[in-house]
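Asker: Here's a sequence, model it:
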Amino acid sequence: MRRLIWIWTAALLLSGCLPLSATPTPLPTALPSQPPATQTPFLPATATATSIPPTATATPRIIAERVLIISVDGLRADSVEPIYMPDLFALMQTGTYSLNAQTTYPSATLPSHSSMLTGMCPDKHGVRWNDYIPENGFAVGPSIFEIADSGEIIH
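Answerer: Numbers count the residues shown, from 1 in each chain. You can find the predicted model right below:
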(Lines give C-alpha, C1' and ligand atoms only; values in the text may rest on other atoms or scores of the structure.)
Protein backbone atom coordinates (compact mmCIF):
# COMPACT_ATOMS: atom_id res chain seq x y z
CA MET A 1 0.00 0.00 0.00
CA ARG A 2 2.82 2.40 0.88
CA ARG A 3 4.47 1.76 -2.49
CA LEU A 4 1.20 2.51 -4.27
CA ILE A 5 0.90 5.80 -2.39
CA TRP A 6 4.39 6.84 -3.51
CA ILE A 7 3.61 5.87 -7.09
CA TRP A 8 0.46 8.02 -7.11
CA THR A 9 2.31 10.85 -5.38
CA ALA A 10 5.00 10.87 -8.06
CA ALA A 11 2.42 10.82 -10.88
CA LEU A 12 0.64 13.78 -9.35
CA LEU A 13 3.89 15.73 -9.10
CA LEU A 14 4.86 14.78 -12.63
CA SER A 15 1.52 15.78 -14.14
CA GLY A 16 1.70 19.54 -14.51
CA CYS A 17 4.48 20.88 -16.73
CA LEU A 18 6.26 20.47 -20.03
CA PRO A 19 9.58 18.67 -20.38
CA LEU A 20 12.78 20.62 -19.79
CA SER A 21 13.48 20.75 -23.51
CA ALA A 22 10.43 22.96 -24.06
CA THR A 23 10.95 26.68 -24.43
CA PRO A 24 9.62 28.49 -21.36
CA THR A 25 6.69 30.83 -21.88
CA PRO A 26 7.73 34.45 -21.38
CA LEU A 27 6.05 36.27 -18.55
CA PRO A 28 3.79 39.20 -19.46
CA THR A 29 5.28 42.62 -18.82
CA ALA A 30 1.92 44.26 -18.13
CA LEU A 31 -1.28 43.21 -16.46
CA PRO A 32 -3.80 41.65 -18.82
CA SER A 33 -6.81 43.77 -19.70
CA GLN A 34 -10.39 42.62 -19.28
CA PRO A 35 -11.74 40.79 -22.34
CA PRO A 36 -14.45 42.68 -24.23
CA ALA A 37 -18.04 41.77 -23.50
CA THR A 38 -19.85 39.87 -26.22
CA GLN A 39 -22.35 41.56 -28.50
CA THR A 40 -24.39 38.36 -28.85
CA PRO A 41 -27.75 38.87 -27.09
CA PHE A 42 -28.19 35.16 -26.31
CA LEU A 43 -24.96 34.77 -24.34
CA PRO A 44 -24.47 35.93 -20.77
CA ALA A 45 -22.50 39.15 -20.25
CA THR A 46 -19.54 37.15 -18.94
CA ALA A 47 -19.07 35.30 -22.24
CA THR A 48 -16.51 36.82 -24.57
CA ALA A 49 -15.39 36.54 -28.13
CA THR A 50 -12.48 34.48 -26.83
CA SER A 51 -14.77 31.82 -25.34
CA ILE A 52 -14.18 28.35 -26.74
CA PRO A 53 -17.23 27.25 -28.73
CA PRO A 54 -18.77 23.86 -27.96
CA THR A 55 -17.89 20.98 -30.27
CA ALA A 56 -20.36 18.73 -32.05
CA THR A 57 -18.73 15.61 -30.63
CA ALA A 58 -17.22 14.96 -27.25
CA THR A 59 -13.46 15.16 -26.93
CA PRO A 60 -12.13 11.62 -26.50
CA ARG A 61 -10.69 10.81 -23.10
CA ILE A 62 -7.06 9.85 -22.82
CA ILE A 63 -6.63 7.00 -20.39
CA ALA A 64 -3.17 6.31 -19.03
CA GLU A 65 -2.31 2.68 -18.56
CA ARG A 66 0.22 3.50 -15.88
CA VAL A 67 0.80 6.43 -13.60
CA LEU A 68 4.00 6.88 -11.61
CA ILE A 69 4.21 9.48 -8.87
CA ILE A 70 7.61 10.26 -7.39
CA SER A 71 7.75 12.49 -4.35
CA VAL A 72 11.12 13.01 -2.71
CA ASP A 73 10.68 14.42 0.78
CA GLY A 74 12.81 17.51 1.35
CA LEU A 75 14.26 17.61 -2.17
CA ARG A 76 14.63 21.15 -3.45
CA ALA A 77 13.94 21.65 -7.17
CA ASP A 78 17.19 23.55 -7.66
CA SER A 79 19.15 20.47 -6.60
CA VAL A 80 17.63 18.25 -9.33
CA GLU A 81 20.35 17.93 -11.97
CA PRO A 82 20.66 15.38 -14.78
CA ILE A 83 24.27 14.55 -13.95
CA TYR A 84 23.25 13.26 -10.51
CA MET A 85 19.87 11.77 -11.42
CA PRO A 86 19.94 10.42 -14.99
CA ASP A 87 17.10 7.93 -14.43
CA LEU A 88 14.83 10.60 -12.96
CA PHE A 89 15.60 12.89 -15.89
CA ALA A 90 14.81 10.09 -18.34
CA LEU A 91 11.37 9.76 -16.71
CA MET A 92 10.92 13.53 -16.83
CA GLN A 93 11.64 13.63 -20.57
CA THR A 94 8.90 11.11 -21.32
CA GLY A 95 6.29 12.33 -18.85
CA THR A 96 5.09 15.42 -17.09
CA TYR A 97 6.51 16.98 -13.95
CA SER A 98 6.73 20.14 -11.92
CA LEU A 99 9.80 21.77 -10.46
CA ASN A 100 7.65 24.69 -9.27
CA ALA A 101 5.48 22.93 -6.71
CA GLN A 102 5.18 24.65 -3.36
CA THR A 103 4.57 23.05 -0.01
CA THR A 104 1.73 23.74 2.38
CA TYR A 105 1.85 25.33 5.79
CA PRO A 106 2.84 23.69 8.04
CA SER A 107 5.64 22.42 5.83
CA ALA A 108 5.74 18.94 7.29
CA THR A 109 5.69 15.67 5.38
CA LEU A 110 2.32 14.26 6.38
CA PRO A 111 0.25 17.46 5.97
CA SER A 112 1.99 18.20 2.64
CA HIS A 113 1.50 14.70 1.24
CA SER A 114 -2.12 14.68 2.43
CA SER A 115 -2.64 17.93 0.51
CA MET A 116 -0.97 16.45 -2.56
CA LEU A 117 -3.18 13.35 -2.44
CA THR A 118 -6.47 15.11 -1.68
CA GLY A 119 -6.01 18.42 -3.49
CA MET A 120 -6.97 20.28 -0.31
CA CYS A 121 -5.13 22.51 2.15
CA PRO A 122 -4.54 21.23 5.71
CA ASP A 123 -7.43 23.45 6.87
CA LYS A 124 -9.76 21.35 4.68
CA HIS A 125 -8.37 17.80 4.98
CA GLY A 126 -7.55 18.18 8.68
CA VAL A 127 -4.08 16.59 8.77
CA ARG A 128 -1.80 18.95 10.69
CA TRP A 129 0.42 16.46 12.47
CA ASN A 130 3.53 14.72 11.19
CA ASP A 131 3.43 11.47 13.17
CA TYR A 132 0.97 8.67 12.59
CA ILE A 133 -1.26 8.59 15.63
CA PRO A 134 -4.39 6.47 15.07
CA GLU A 135 -6.44 8.69 17.39
CA ASN A 136 -5.92 11.64 15.01
CA GLY A 137 -7.92 9.89 12.30
CA PHE A 138 -7.50 10.28 8.57
CA ALA A 139 -7.60 13.04 5.98
CA VAL A 140 -11.11 14.22 5.12
CA GLY A 141 -12.38 14.28 1.53
CA PRO A 142 -11.83 12.10 -1.51
CA SER A 143 -8.28 11.09 -2.34
CA ILE A 144 -6.81 11.12 -5.83
CA PHE A 145 -7.25 7.34 -5.79
CA GLU A 146 -11.01 7.65 -5.27
CA ILE A 147 -11.25 10.39 -7.88
CA ALA A 148 -9.24 8.33 -10.38
CA ASP A 149 -11.38 5.28 -9.67
CA SER A 150 -14.59 7.26 -10.23
CA GLY A 151 -13.41 8.43 -13.65
CA GLU A 152 -14.18 12.10 -12.86
CA ILE A 153 -12.14 14.80 -14.49
CA ILE A 154 -11.36 17.64 -12.11
CA HIS A 155 -9.86 20.89 -13.38
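Asker: hey, where'd the helices end up in this protein?
Answerer: Using DSSP state H, the helices of the chain run over 2-13, 86-94, 109-118, 122-125, 144-150.
Asker: any idea of the mean pLDDT in the last one?
Answerer: Put plainly, it is helix 144-150. Averaged over helix 144-150, pLDDT sits at 76.
Asker: and what of the first one?
Answerer: Predicted confidence along helix 2-13 averages 61 (mean pLDDT).
Asker: Return the set of buried residues in stretch 82-93.
Answerer: Judged by neighbour count (16 or more other C-beta atoms under 10 Å), stretch 82-93 contains these buried residues: Leu88, Phe89, Met92. In this view, the C-beta of every residue, glycine as well, is placed from N, C-alpha and C.
Asker: ok, now stretch 134-154?
Answerer: Applying a neighbour-count criterion of 16+ other C-beta under 10 Å, one finds Ala139, Pro142, Ser143, Ile144, Ile147 buried in stretch 134-154.
Asker: Give the burial count for Asp123, as a bare number.
Answerer: Applying other C-beta atoms under 10 Å, we find 10 residues neighbouring Asp123.
Asker: before we move on, what about Ala108?
Answerer: Burial of Ala108 is recorded as 18 neighbouring residues (other C-beta under 10 Å).
Asker: Please apply the same query to Ile70.
Answerer: Around Ile70 there are 18 residues (other C-beta under 10 Å).
Asker: can you check the one 3 residues further on too?
Answerer: Other residues near Asp73 number 9, with proximity taken as other C-beta under 10 Å.
Asker: tell me which of the buried residues of stretch 82-93 is nearest to Pro106?
Answerer: Leu88 (27.0 Å; C-beta to C-beta).
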